[in-house]
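>>> Just the structure for this:
(4 chains)
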4 protein chains.
Amino acid sequence: MAPRNVINASVSPKGSLETLSQREVQQLSAAGSGSTYTLFRQCALAILNTGAHVDNAKTILDAYQDFEVRIHQQDRGVRLELLNAPADAFVDGEMIASTREMLFSALRDIVYTESELHSQRIDLSDSQGITDYVFHLLRNARTLRAGLEPKMVVCWGGHSINSDEYKYTKKVGHELGLRKLDICTGCGPGVMKGPMKGATIAHAKQRMSGGRYLGLTEPGIIAAEAPNPIVNELVILPDIEKRLEAFVRVGHGIIIFPGGAGTAEEFLYLLGILMHPDNQGLPFPVILTGPKSAEAYLQQLDHFVVATLGEAAREHYQIIIDNPADVAREMTESLKKVKSFRRERNDAFHFNWLLKIEESFQRPFDPTHANMANLELRRALPPHQLAANLRRAFSGIVAGNVKDKGIRLIEEHGPYQIRGDAAVMEPLDKLLQAFVEQHRMKLPGGAAYVPCYRVVT
Amino acid sequence: MAPRNVINASVSPKGSLETLSQREVQQLSAAGSGSTYTLFRQCALAILNTGAHVDNAKTILDAYQDFEVRIHQQDRGVRLELLNAPADAFVDGEMIASTREMLFSALRDIVYTESELHSQRIDLSDSQGITDYVFHLLRNARTLRAGLEPKMVVCWGGHSINSDEYKYTKKVGHELGLRKLDICTGCGPGVMKGPMKGATIAHAKQRMSGGRYLGLTEPGIIAAEAPNPIVNELVILPDIEKRLEAFVRVGHGIIIFPGGAGTAEEFLYLLGILMHPDNQGLPFPVILTGPKSAEAYLQQLDHFVVATLGEAAREHYQIIIDNPADVAREMTESLKKVKSFRRERNDAFHFNWLLKIEESFQRPFDPTHANMANLELRRALPPHQLAANLRRAFSGIVAGNVKDKGIRLIEEHGPYQIRGDAAVMEPLDKLLQAFVEQHRMKLPGGAAYVPCYRVVT
Amino acid sequence: MAPRNVINASVSPKGSLETLSQREVQQLSAAGSGSTYTLFRQCALAILNTGAHVDNAKTILDAYQDFEVRIHQQDRGVRLELLNAPADAFVDGEMIASTREMLFSALRDIVYTESELHSQRIDLSDSQGITDYVFHLLRNARTLRAGLEPKMVVCWGGHSINSDEYKYTKKVGHELGLRKLDICTGCGPGVMKGPMKGATIAHAKQRMSGGRYLGLTEPGIIAAEAPNPIVNELVILPDIEKRLEAFVRVGHGIIIFPGGAGTAEEFLYLLGILMHPDNQGLPFPVILTGPKSAEAYLQQLDHFVVATLGEAAREHYQIIIDNPADVAREMTESLKKVKSFRRERNDAFHFNWLLKIEESFQRPFDPTHANMANLELRRALPPHQLAANLRRAFSGIVAGNVKDKGIRLIEEHGPYQIRGDAAVMEPLDKLLQAFVEQHRMKLPGGAAYVPCYRVVT
Amino acid sequence: MAPRNVINASVSPKGSLETLSQREVQQLSAAGSGSTYTLFRQCALAILNTGAHVDNAKTILDAYQDFEVRIHQQDRGVRLELLNAPADAFVDGEMIASTREMLFSALRDIVYTESELHSQRIDLSDSQGITDYVFHLLRNARTLRAGLEPKMVVCWGGHSINSDEYKYTKKVGHELGLRKLDICTGCGPGVMKGPMKGATIAHAKQRMSGGRYLGLTEPGIIAAEAPNPIVNELVILPDIEKRLEAFVRVGHGIIIFPGGAGTAEEFLYLLGILMHPDNQGLPFPVILTGPKSAEAYLQQLDHFVVATLGEAAREHYQIIIDNPADVAREMTESLKKVKSFRRERNDAFHFNWLLKIEESFQRPFDPTHANMANLELRRALPPHQLAANLRRAFSGIVAGNVKDKGIRLIEEHGPYQIRGDAAVMEPLDKLLQAFVEQHRMKLPGGAAYVPCYRVVT
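Got it, this is the predicted structure:
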């Protein structure tokens, strides 16, 4: 590791809306004992690392072991004192405004999450309670704005894509921005940054001053996918499932760009929800798109979906190759349907209450070898259930590839056994192999990929 | 009662920041059963009655028994449907913007209060917990703004004062506004309106667009003292004690205009806090002022304070007669001290954490005959305790004069017996008689005043 | 004269949009020689005198003979240095923002007027050229805003009216403001202030931040009728006729409150234009209104108009007694017609190009004895010509009453002889006598009024 | 030429501040006769061609010969009707906001220029008059804003540079933007666009909403270098010399990126001014910069300057290779000196009055063969005069390369003869050859470059 550039700085809350009670400051300051401080320190470090090109959380955390953040109450609000902070977040010693804002957003969300955990207001044991919780957290973050038209477009896809694909995401963002649409992503680099950058330029051309670049993240991923500085609204959800729910409740349409197993997981999560019988007739635009060079990838994904979930799945998305303007035009047209549907049903523009999300989608899947082996992957299942189980399979593969706990499990017990009908297993195997060939599987250290799973028919 | 002018209307949340969860909408809509709906309906009625000159809560509530408010979730947020609403809140069928804003503020505060009651986050059983609660409610109402200078001036005094005194409050407000200070009052008519009106004109002259006119009220008083429409931030605290605490935590200085027993109660509340040994050295500007015609009143109040709490009490306030510019200049100067004190101690500008408020001031006093008779009113007590007890005495008198429960107690058991040293009792008796003579005692029905108390030495 | 309170101050252009070239600064600074400096000094003095209650230009100018204003170019724009300036325009040594703004508005308009005089761009010798000039001056003052709806209501009437009438103008302004209309007046006290004050409060209630309070004045009147500080757009037209033209070109409707001979002159100017055959069918709402106490006055005016100009004149105005809400409602309704008319004819909302103003209305009338004696006041004239001549008669009376030159002429040659048909002369005589009886004739020194005219039939 | 995509559209003045008088509309509409319409049509076409990659004015004008623009007065201001307009300026049939704004800016400037020509206010025959004219035109365009700090950085360089150099200009713009500096360019593609794009992203990161991207152009160049759509203030100066003067009067510092003969001309114009004895001590930061690959180019330029104007010229600029952050830091530091200098001398921040520009720099140079042959290019001349003459030489070469008139002259009379000392001629010859080798000379049709000049020693 190269010598780090660090800086000590005191950050005033200029422009931030956040205020804390004395008790909240104390809780956050209890550096030794509890999890609140640790959590905030970790998020703060990720945010300060914004410009960096490292996507390995551990590397970042290790590099700045002596980083400290202290929280002080003071006259104009809360002041943060940073010790040994990454110097990249500063310009000539002054913190970049977007970074400062995000630090205070992290503070706000972590304080809120902590506070709610000690409250009994929210019942996290049932589906409605979880949805309520997501609502309250987003409301507290001022993300839910009454009165705005449906125009929040979620962009999903890989955080490390090639230059051709990255440029394409910028162009799509530019076309969306010219049509005055807002962008929501997972707030890291790659697909999470390109559309925001394109939209920023387009919004400037359209003289739109209130363009929204909403980043939704969670503490487990923020270090690996540091928020890009275009993000002007950052929300830290407590875990992956709540983050996914936030995406589909605040987003009015979704564009899926090329990515890896994670992107496949997200796509299946979405199909699992949209194919649920309760959601029939509910308009939710989904567009898969990429440059000419990504056509094979997108078609393979499409074939896999049809082969496993059936032709009916195709009703829920469309594929557009190499045509940013068409993507944006299609999205704009589809959003009109979303708008009239919500108006008719008296559903809020700012939160998709009518979307049914089964509790099974809201609860985390623990990818043990037993859980993976027991996944029912049969063609005869109702498609939305098969989609749910396939999502879990991909979720396990992501964990086995890159997550601490997953990697250790694989080392101990060998690859996961994934069983099922040949009609499901064969397409799955092909898709996964294609990912490997296209270098879309995360390869720690850059070595040749050794699969963490074995497909058993 | 004259024939009422009523109107049915549907109020969109245009410009309001408030959004509600489905559960919150359901809670509020449960018209039959619970207290939440009743509470909101009552506050809504008071707000709609904004222009009216009736200060009798019962009269208003009786006049609009068929008033209903229904809450609907819809595309752009929450919509309110009003049935048989007072027509005065509308101009050519359209609701005045400030009234609409206040309706949604009431919604916000009542939802928050309800929600917190069912949470166990806040411990209302100890002093720190109560202060935290006040903080959270004000923060949720976006009243606590990090980054603003100390410039919120609280104006206390009677809601029904004579025309000469009313004009004087406008002039003082004008001078405060010319110096770019903000105004906080109890948000009704009289002293609660005059300074805001004067400041609005002065802020316009100073081309200040963000002038704040903060009204703090509580459900028990809002019907009698309907928020005046200049108020551009309305907060409904759950009870009188939390409202009083909110005044002294968000206000940076206090101006006391002429009023009745209620104003005396507030003044003694304030002195009881400022004379507490823990608050020694803490700057908190208090100015008593009025037009020439109110000089006798103010001097009598001053004499009473000195006679009972001693000369030391005078350190905590100054009296300025008939000089609005001087009042504003003095306040401006004193606020500089508040600012430097908070800066030195790292206390927030937006919330006076350092002010010690004893739990006895935070808990309601129940004015039974026994409690009134047992009040210790001895000159030998530490002044801040005597002030606390005198405040309770005035609080009881206010209740015996005008509050339902108090009036019934007096009818049943005769006047309260207030006992104590002659050194305390004599000045008290004089002050009360003066209030009667100056028509500052509320006289229901306008009959000759029959005292609800007997001073016993 | 009481000892004056004066102050020396340096005024930075904070918030002002004005910049000057070096040449312009030099022109203005040439204190000794030219008229530009003298003109600006006089306007500046009037503006600084804003709060004062003296309406005699001479008194003010005499009181501050040693007042000086120096203009400096500096880093952030133009800085004004004031010597021996009236202290009332300052709060604790700092100039009130509205006063500062108006000083720079005066600078802007005087520089523009000077510059145009030396240019030959504008041909002031024909009617179209004069209208163009008024347009350019208003555009340069940023008064003409493309995109705004027709909502600028001109309020005419006396600058020194009684308290009952003044309160009434505030109420009308309040009702206009509640309907989000803007106010334009001659920018002094009395009727020129009341409606603006009422509208300011109403705009605050409606949460309107961009309310316009437009004051149109000219150098000859500004000293006597100092701009009230609510005015947030001040334009100084070069003379009375251009000021009158500006009123009817930028105003979308006109309300006439009680006043004296000057108000009668304005009313006849307006009728003379509206009764011109070319303006037939052009909607231009005119409402005469006042409190109950002013009913007789308004009826007399009405009778005079009908008696001289005929019943047809009544088509152009309506009278509403003691009903501010009705006045505002009628105006709102009528403005809709103005809007649809201009839309159909492609006329600008911000400038009434279609209104025909004959050159005779654009040129000043010089009230010599000969000119007064030669006025044709015959019932047989086309009404718009008779109106024009009656306006000249009133103009002469105003001059003979209060203007330097007029007073001297009367002293020398005795009262004006006004000749005409009995059918015109009798109503005129009655109206003038009523003005005298109601103390609406300006009485210098307060002495009994000696008429400066003699009506000869 | 490919089939053109054209569109007919009606453009409302939404958001534009511009209003026109009837006379101005008539002038502009006189399509047949005069130059005003022709001029506006040509600028409008260039602006609508914004996205295009053609830099040949003639090609564009030819491609849209049937393009028409009609100007109508209407209710909300001026409406433009476009016939056969390039479709690229529209998104789904709606004009991009920045393009709309620029159309109305062009209208404003052309109307102003026309109007002034017919006025006699401005004396264009002397140096001060020309400067005054530039000031008035910029003021009318609202470009001169009192109260802003010195932070307008002019970026000069080629409009068709390679991808490496273009990316570098974006990075420099990004670093300037992070330091909250504004950008001014000639408003076309290449160096004129890159810095604005980088700054837009950086301003978004710094949450700056008022970033300025000022484009200065003139009718002769606008068609070849169509304004890029990031430009949010467009000013059309009447000719090249006034445009150059505008650059150095409103810019607080200048960055020179790689370019061709035109860039060399600009650099010499600047040195000629800065080396004038009257400008000694006047701080004016100039930085030459480029990526590593442009180092040789920059050094050659530097050597040429030293060889011809002497070592003293180097005091007026510095060279920074491949370090965008350093460029921005140096500029920021230097601007502090500009600020304190202007403050001390009471010069305006918004217009550099103190900069001496000799009349010879303000007057156009006509590149006839005689004028070129007579240029005095002797080392013994005072450097600022030699710089002025070298600028003329480059100006002639640019004309001979690409301008209609110049090309015809060369065809007729053969190459220009440029004479002078060997000490001047040899470096000049080398520099020009290097430009040819580096393909920085404009080659119409892409043929091998045949020089339009002959250097004669």
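
>>> So what's the residue count around A:P13?
Counted with other C-beta atoms under 10 Å in any protein chain shown, residues neighbouring A:P13 total 22. All C-beta spots, glycine's among them, are computed from the backbone N, C-alpha and C.

>>> likewise A:P415?
Using other C-beta under 10 Å, A:P415 has 16 other residues around it.

>>> Same question for A:V154.
The burial count for A:V154: 25, using other C-beta under 10 Å.

>>> How about A:N401?
Count around A:N401 with other C-beta under 10 Å applied: 22.

>>> That one belongs to a helix?
Yes - note on A:N401: a helix contains this position according to DSSP: H, G, I helix; E, B strand; the rest coil.

>>> Do I have it right that it meets A:R440?
No - counting by C-beta atoms under 8 Å, A:N401 sits too far from A:R440 to count as a contact (10.9 Å).

>>> where do the contact lists of these two overlap?
A:A261 (C-beta atoms under 8 Å, 6 or more residues apart in numbering or on different chains).

>>> So A:G210: helix, strand or coil?
Taken by three-state DSSP, the conformation at A:G210 corresponds to coil.

>>> I should have written A:L82 there, sorry.
strand.

>>> ok, A:N228 to chain B distance?
Distance check for A:N228 against chain B: by C-beta to the nearest C-beta, to the nearest Å, it reads 26 Å.

>>> go on, A:A97?
Noted for A:A97: a distance of 14 Å to chain B, by C-beta to the nearest C-beta.

>>> Could you do A:S35 as well?
When A:S35 is compared with chain B (using C-beta to the nearest C-beta), they lie 17 Å apart.

>>> just A:E18 next, same as before
Note on A:E18: its distance to chain B, by C-beta to the nearest C-beta, is 7 Å.

>>> likewise A:P219?
A:P219 is 21 Å from chain B, by C-beta to the nearest C-beta.

>>> so what's that residue up against?
A:L39, A:Q42, A:C43, A:I236, A:P238.

>>> which of those residues tops the neighbour count?
The residue in the contacts of A:P219 with the most neighbours, by other C-beta under 10 Å, is A:I236 (30 neighbours).

>>> Tell me the bridge partners for that one.
A:T217 (DSSP bridges).

>>> residues from the stretch 151-300 of chain A in reach of chain D?
Contact residues, the stretch 151-300 of chain A versus chain D (C-beta under 8 Å from any C-beta of the partner chain): A:178-179, A:197, A:200-201, A:204-209, A:229-230, A:232.

>>> Just the buried subset of these, please.
Listed as buried from these are A:L178, A:R179, A:K197, A:T200, A:I201, A:A204, A:K205, A:Q206, A:M208, A:P229, A:I230, A:N232; burial here means 16 or more other C-beta atoms under 10 Å in any protein chain shown.

>>> Report whether the expected contact of the fourth one with A:G177 is present.
Yes - with contact defined as C-beta under 8 Å, A:T200 and A:G177 form a contacting pair (7.1 Å).

>>> any idea how far A:R314 lies from A:H303?
The spacing between A:R314 and A:H303, counted by C-beta to C-beta, to the nearest Å, is 11 Å.

>>> Report the separation between the residue of chain A positioned farthest from its centre and A:G406.
No residue in chain A sits farther from the centre than A:D75, which is 36.0 Å out by C-alpha atoms, centre = their mean. A:D75 is 48 Å from A:G406, where distance means C-beta to C-beta.

>>> what residues go with each domain of chain A?
According to automatic domain parsing, chain A comprises the domains A:6-121, A:131-359, A:365-456.

>>> do the first one and chain D meet at all?
Yes - using C-beta under 8 Å from any C-beta, domain A:6-121 reaches chain D at A:G15, A:V91, A:D92, A:I96, A:A97, A:S98, A:E101.

>>> Based on its surroundings, how many neighbours for the fifth one?
Applying other C-beta under 10 Å, we find 21 residues neighbouring A:A97.

>>> residues contacting it?
Contacts of A:A97 (C-beta under 8 Å, 6+ apart): A:G15, D:K205, D:Q206, D:R207, D:M208.

>>> ok, 6 Å please
When contacts are counted by C-beta atoms under 6 Å, 6 or more residues apart in numbering or on different chains, A:A97 touches D:Q206, D:R207.
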